[in-house]
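>>> Test case, fold it:
(chains A and B)
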Amino acid sequence: MRTVRYADDKISNFTILVIVPSIVIAVGILTYPRTLAEQTEGADGWVTLLIGGAVCALTAFLITKIASLFPGQSFYTYTSAMLTKPVAFLSSILFFLLAVTIVSYETAFIANISHHYLFEKTPTEAINLAFLLVVLYAVVGERVAIFRMGFGIMILTAVATVILVVTALPAADWNRMLPVLTTDVKSYLGELPDSILSYSGVFILFFYMKLTRTPEKSVKSAVIGAAGVTVFYITVYLMCIAVLGNVSTANTVYPLVELANTVRTVGFLDRIESLYFIIWITTVFMTTALAFDISVLIITDIFPKANKTFVAFSLLPVMYLISLLPTDHFQIAKLGTIIGYTAKGLTIAVLAGLWLMYGIKGRKRKGERS
Amino acid sequence: MRQSIFTKLKQQEGKETEKQLGTNSVEAKVKSALSDKVSDNLNTLKKAIGDPEDLNLRYITIGKFQKKCGIAYLSGITDTNMINQEIIQTLQQNLQEVDGSPLENIKLEMIAVSSVTELDDMKKIIDFVLDGQTVFFLEEEEQALIIGTAGGDKRAIENPQSENLIQGPREGFVESLEVNLALVRRNIRDPSLRFKTYEVGTRSKQKLVLCYVEDVINPKILEEVIYRLESIELEYITDVSQIEQWIEDSSLSPFPQMLSTERPDKVAFEVLHGRFAIFVDGTPFTALGPVVLSDINKSMEDYNQRWITASLLRILRVIASLIALFLPGIYIAMVLFHPGMLPTTLVFSIAASREGMPFSAIAEILLMAATFEMLQEAAIRLPRIIGQTIGIVGGIVIGEAAVSAGIASPIIVIITALTAIASFCSPYYSVAISFRAVRFGIMLVSAFLGLFGLILAFLVLVIHVTNLKSFGVPYSFTVLPTVKHELMDNIIRGPITKVEEQYIFLQNQLKKSK
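Numbers count the residues shown, from 1 in each chain, chains lettered A, B, ... in the order given. Alright, predicted model coming up:
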C-alpha cells in the first residue's frame, strides 16, 4: 500500500519544548546530587543548579535565535553561508562524532547499571545490543514519531517524579536543608562546571530547528524547556538532601535510586527503585534515540542523497563497538565528563563564530543600506 | 522427469485458460442487439446463462391488446408475488386500448411496478437478470423493459451477535446491502450522506458501498480511500475484513487499522464524525476508518451510560489490555530474574507453590497458555451442543488435574485465567485476538532479558504505534500529543456536552497542520 503523508514532517513549537528535556535529562540524573553534595554544604547545591540552568537556557536561546534567522535551512547550509564551507563541514562532523559517542555512552551506562541492579548473569554485550537495536528501530521510523514518543515519555517521567516526591515527603526532614548558603564562593566555583555539564545536549537544537514551522516562536519554547529541566533538577536535588541528608547523598553512588529505595509505602512491590529504574530507562532511551537521530540527520544534511535507513544501519556497529570499550563504572563516568566538556566547548565555539559573523555581516548590511 | 511434469502442468494450464476463454466467448458470441421476436430473445438469454433450473421463461398475451410478449427471471432472487400480481395479472387482464408506441404504453400505463427502465443491450439485460430483475420482451420491438423485482428471502433484522449491548438499539446489519444502507439512512436524514457504489470481481460483480457524509469527511482521507478501493482486485469477498486487509496501511501491525461493526447506530455515529464506512453485499459486517489508538478501547455503550460510569469502564478496559499484554511477561521476569522485587510473603508463597514442579516458570506458563489457546480454538470449531464438553474438560484439565498432577502450579493457573479474562474485555474481537500474539512475544523477551526486556518490548510497541498510520492519520493521534479538546473522549469519556468537540482531527487535521 502506498504511504500517505498529509501531515508534513514539520514540527510544532511544543515539540521543541519537549525535545529539550528529552535530550538533557539522561543518565546524569542518577548521579548529579552526589557530585553537588560533595562540594557544597547543606542544600546549597541549588545555587549552582540554577546558574547551570540559566546557562542552558541562554545557550538554547542563542542557538534557536541564530537558527531562526535562517528559517528552514539546515545547520550545514547556514554555517556554510556564514563561516565558509570547510568550517561548516568540520563542525558538522565534530557534532556527528559527538552524537555517535553520546549514543555509545548512554548505551554503556544503561548496560552497566542494568547489569548491576537488574540482573547479574546476563552479559553486558547482550544488553547493549538489545538496547541499541530498539533505538535503531525508533530511528529507522519517522522522525516525528520519535518526538511523539518523547512527549509520552516526558509525561511518564514527570508523573513518576511527582509520585516519587510525594511518597518521599513523609521521610523528609527539612532541618537537613539548614543552614542556608554557608558554602564559600570558591566551592561554588569549583562545583559550577559539574552543574553546567548536567545540562548538556541542547546542541541538537542546531539541527532540529530547520524542522519547525514557526522558528521565531520556537525560541521561547526552547527556553521554557530549559527552565522546566532546571525546576526538575532542583526539586529532585532538594528531595535527596531532605530525605537522605547532605553527607549520605555525597557518599551514595546513585542518590536518586537510594531516594526511591526509602519509599516503602507502596505495598505491592518491595523494591520500588527497580520500578523507577524502568522509567529511567525509557528516559535514557529517549536521549539515545535523539542522539542517534541527530547523527543520522547530520549525515543526511551534508549528503542529501544518502539513504536514512542505510546510514542508521551502518552506524549501528560503530556505536556498538564504542559502547563496549569502557569496561567499568569509572571509565564510563570519565567518558561522560569528556563528552560533557566537548559538547559545551564545541557548542560555545560554533555559537561564538556564528554570532560574530552575524554581527559583522549584519553591520555591513546596515552600512550598505544607509 | 520433473520438467515433464512441469510442462504437463503448463499444458493443462493452457487448456484451462482456453476453456475459460471458451466460456467467455459464449458470452462474447451473444449479440448485444435484440431481435424483434420474443422467442428469439428468450432463447438467446437461455443459451447465454446455460438454461439453469431456476430460470423462468413465460409467454403472455396482453389482454385486449392481444400481442405476444415474454418475461424472464430467476426464481429465488426475485419477488414472485410481485411478478404474478403486478406484471402477469395486470397484463393479462388489461382492457385498455393502446395508441402510440406500445412499449412506452406498457411501461407507463400497465406495469404496476415502481422501477421500470428501457434497455436494448442483451449483455446488460443478462446482468440485470442475474441481479434479480425481470426482463420483459414485446413482439416486434427491439427494446426490452427491465422491471425491478429483486427480492427473495432475506434474514430478518436481529440483535447484533458479536456486539451485544445492554442499553442501546437492538438492530444489527444483515447480509442484504439494501437493508443495511436503509438502516443507516434511517439514522441520518442528511442530503449530504453519500453512498458511492463500486463493483468488485469481474464475475461475482459484488457491490461495495463507500458511505460518508460529504461536508464532514476530510477530503484528503476520502481521496485516499477511493484511491485504495479502486486498486482492489479480489474476485469474491466473503467478508468486509478482506477489504480491510487489502486497503490497510500496514499489514504487519497487530493493531487493526479499521474496525468492523454490525451496528447501524455505530456506523451512523462514526460517519457523522468524519469517518467513512465500507459496506459489502453479503455480509453483516461494516468496516469503519480511519482508526486511532483510543478507538480500540471504545464501545458504543460508553455513550449510553452516564459519563462517570462510562469513564470508569474505559479505565477498566485499559487496565485489562495492559494485563492481557504484560501480566505473564511480568510474572516470568519477576520469578526468573527479580524475585527480590516482590513482597517477601508473596515470594514465599510462590516458592512454596512451585516446589517440586518439574518445569521452569517459562515452560510452565507457555504450556498453560498454549493449552488455553487450543481450548479456545476448539470451542469455536465445535458444534454448539458438544461445546459445553470443552468447557468441562478445560475446567477440569486446566484447573484441577494439571495442578494436582504437579505439572502446573496454582499461581500459573490464576495468571493464565486472569490474562484470558482480561484479553476479552476488549470491545473488539480483532484486537483481543491480535494481542494474544503480542503477549507470547513479550513472554519470550521477558524470559531472556527480564524486566529490561519487558521495558524494551514496551518501547518497541510504543515506537510501532507512533509510526503507524491509518489512512494517513497518525495512529497515536489522540494519545500523543494530547490536546485539551481531545482529552474529553479518550481514556475518559467526558460529559456528553463536551464529547462533541472530539472529532475535529479527522475533519480538520490538514487545516490544523497548516
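
>>> what's around A:L356, how many residues?
Number of residues near A:L356 (other Cβ atoms under 10 Å in any protein chain shown) recorded here: 12. Quick note: C-beta positions are derived from backbone N, CA and C, even for glycine.

>>> Please identify the helix or strand for it.
For A:L356, the host element (DSSP states H and E) is helix A:329-369.

>>> which helices and strands does that helix pack with?
Helix A:329-369 makes packing contacts with helix A:45-68, helix A:75-83, helix A:85-117, helix A:185-197 when contacts are defined by 3 or more Cβ pairs under 8 Å, 6 or more residues apart in numbering or on different chains; DSSP states H and E.

>>> can you state the direction angle for the first one and helix A:185-197?
Looking back up the chat, that one is helix A:45-68. Relative orientation of helix A:45-68 versus helix A:185-197 (axes from the mean of the first three to the mean of the last three Cα atoms, to 10 degrees): 40 degrees.

>>> With just CA atoms, put helix A:45-68 into PDB.
This file holds the C-alpha atoms of helix A:45-68, laid out as PDB (Å, rounded to 0.1, in the frame of the first residue of the first chain):
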ATOM      1  CA  GLY A  45      23.700  23.000  45.500                       C
ATOM      2  CA  TRP A  46      20.600  24.600  44.100                       C
ATOM      3  CA  VAL A  47      22.500  27.800  43.600                       C
ATOM      4  CA  THR A  48      24.900  26.200  41.100                       C
ATOM      5  CA  LEU A  49      22.000  24.200  39.600                       C
ATOM      6  CA  LEU A  50      20.100  27.400  39.000                       C
ATOM      7  CA  ILE A  51      23.200  29.000  37.400                       C
ATOM      8  CA  GLY A  52      23.700  25.900  35.300                       C
ATOM      9  CA  GLY A  53      20.000  26.100  34.200                       C
ATOM     10  CA  ALA A  54      20.400  29.700  33.300                       C
ATOM     11  CA  VAL A  55      23.500  28.900  31.200                       C
ATOM     12  CA  CYS A  56      21.500  26.100  29.500                       C
ATOM     13  CA  ALA A  57      18.500  28.400  28.800                       C
ATOM     14  CA  LEU A  58      20.900  31.100  27.400                       C
ATOM     15  CA  THR A  59      22.600  28.500  25.200                       C
ATOM     16  CA  ALA A  60      19.200  27.300  24.000                       C
ATOM     17  CA  PHE A  61      18.200  30.900  23.300                       C
ATOM     18  CA  LEU A  62      21.300  31.700  21.300                       C
ATOM     19  CA  ILE A  63      21.100  28.500  19.300                       C
ATOM     20  CA  THR A  64      17.400  28.800  18.400                       C
ATOM     21  CA  LYS A  65      17.700  32.500  17.800                       C
ATOM     22  CA  ILE A  66      20.600  32.200  15.300                       C
ATOM     23  CA  ALA A  67      18.800  29.300  13.600                       C
ATOM     24  CA  SER A  68      15.500  31.100  13.400                       C
END
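
>>> for that helix, packing partners?
helix A:13-24, helix A:32-39, helix A:75-83, helix A:185-197, helix A:205-208, helix A:215-244, helix A:329-369.

>>> and with 6 Å instead?
On a contact count with 3 or more Cβ pairs under 6 Å, 6 or more residues apart in numbering or on different chains; DSSP states H and E, helix A:45-68 meets helix A:185-197, helix A:205-208, helix A:215-244.

>>> what's the offset of the last one from the middle of its chain?
The chain centroid and the centroid of helix A:215-244 are separated by 12 Å under Cα atoms, centre = their mean, to the nearest Å.
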